[in-house]
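1. Sequence and predicted structure below; questions after.
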Amino acid sequence: MNAQRPIRAGGDLQDELAAVIGQTAVTRLMERLGGTRTYVPRKIGVHHPIAEAIGLKAANMLADHYFGMTIDLPKAHLRRRRALETALNRPDGVTIKQIALDFDYSERQIYNMIDAHQRAKRDTESQLDLFDRPTGTTNT
């Protein structure tokens, strides 16, 4: 395996990692080591950052499948998704300002995420409406 060329943990690889170590471990790995290129050695000891993130058993399962590889672990998408979910489902008394501070975003970025999410939702709904027309109607 080529340790010089990193592979990105997005899409299919993320699914493959989840099949090997479980989605919870993948999420913990990305939360702890996200934003880094992480080399997977053949043997992972208890004090290795991967083992500290996901536990020794999962770390060794990862090593069994990916030893010798360098994996680009994304960071922003998990933080972004959690921030957006929190903003959309705000508990009483929690402000956008507090969410921005908690997730290391500006208030403007949180509002932009909410706006983009709502636009995407509206676009999807309007596209679905195109297929819900009753038969026999025409566009004029």
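-> Done, it's in.
2. Only the buried residues of the helix or strand harbouring Ala18, if you could.
-> Ala18 is part of helix 12-21, with elements assigned from DSSP states H and E. Of the residues in helix 12-21, 13-14, 17, 21 count as buried by neighbour count, 16 or more other CB atoms under 10 Å. (Glycine included, C-beta is placed from N, CA and C.)
3. Distance from the helix or strand that comes right after that helix to the middle of the chain?
-> Next in sequence after helix 12-21, counting helices and strands by DSSP H and E, comes helix 23-33. Remark: helix 23-33 is offset 9 Å from the chain centroid, using CA atoms, centre = their mean, to the nearest Å.
4. List the residues that contact Met113.
-> By CB atoms under 8 Å, 6 or more residues apart in numbering, the contact set of Met113 is 80, 83-84, 87, 105.
5. which of the residues you listed has the weakest pLDDT?
-> Lowest pLDDT among the contacts of Met113: Arg80, with 82.
6. Need the nearest residue in space to that residue, chain neighbours excluded.
-> Excluding the flanking residues, the one nearest Arg80 by CB to CB, 6 or more residues apart in numbering is Met113, at 6.8 Å.
7. Taking the centroid of the chain, which residue is nearest it?
-> Leu78 (3.6 Å; CA atoms, centre = their mean).
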